[in-house]
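Visitor: structure of the sequence below:
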Amino acid sequence: MQAKLQEQLSPADAEVILGRLPERIKAALIARAAEIEYPIAISIAISIASFLDTEALGFVDCKAGRGQ
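Guide: The predicted structure follows:
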């Protein structure tokens, strides 16, 4: 059986990932998601992408143009 590729992390998958993280990392991800007003699934995906590829979209790129 071949796995279906998804372009986005589902909310259910995000909850599974959060449940397996140390409490301090989980709290930091949740806080950051609230701060940038993004769903937790997107925040987790950004974190993973930033870790794997320093050229990937990161938190610095989120909400560009805010406060101008």
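Visitor: hey, let's count contacts and neighbours off CA atoms from now on
Guide: Fine.
Visitor: need the three-state assignment for E55.
Guide: coil (DSSP: H, G, I helix; E, B strand; the rest coil).
Visitor: pLDDT score for it?
Guide: The model reports E55 with a pLDDT of 75.
Visitor: would you mind measuring from it to I46?
Guide: Separation of E55 from I46 (Cα to Cα, to the nearest Å) stands at 11 Å.
Visitor: please identify which of the two sits among more neighbours.
Guide: Of the pair E55 and I46, I46 is the one with more neighbours under other Cα atoms under 10 Å, namely 18 against 9.
Visitor: can you tell me the element the more buried one falls in?
Guide: Assigned by DSSP states H and E, I46 belongs to helix 40-52.
Visitor: now do A34
Guide: Under the assignment here (DSSP H and E), A34 is part of helix 23-36.
Visitor: now that helix, how far from the centre of its chain.
Guide: 9 Å (Cα atoms, centre = their mean, to the nearest Å).
Visitor: list the helices and strands that helix packs on?
Guide: helix 40-52 (3 or more Cα pairs under 8 Å, 6 or more residues apart in numbering; DSSP states H and E).
Visitor: centre of the chain to the helix it packs on, how far?
Guide: 3 Å.
Visitor: ok, now stretch 30-42?
Guide: 7 Å.
Visitor: what's the answer for stretch 44-59, then?
Guide: With Cα atoms, centre = their mean, you get 8 Å for stretch 44-59.
Visitor: where does the chain have low pLDDT?
Guide: 1-7, 56-68 (pLDDT under 70).
Visitor: for D53, grab phi and psi.
Guide: phi -140, psi 110 (degrees, to the nearest 10).
Visitor: pull the number of nearby residues for it.
Guide: Other residues near D53 come to 10 when the count uses other Cα under 10 Å.
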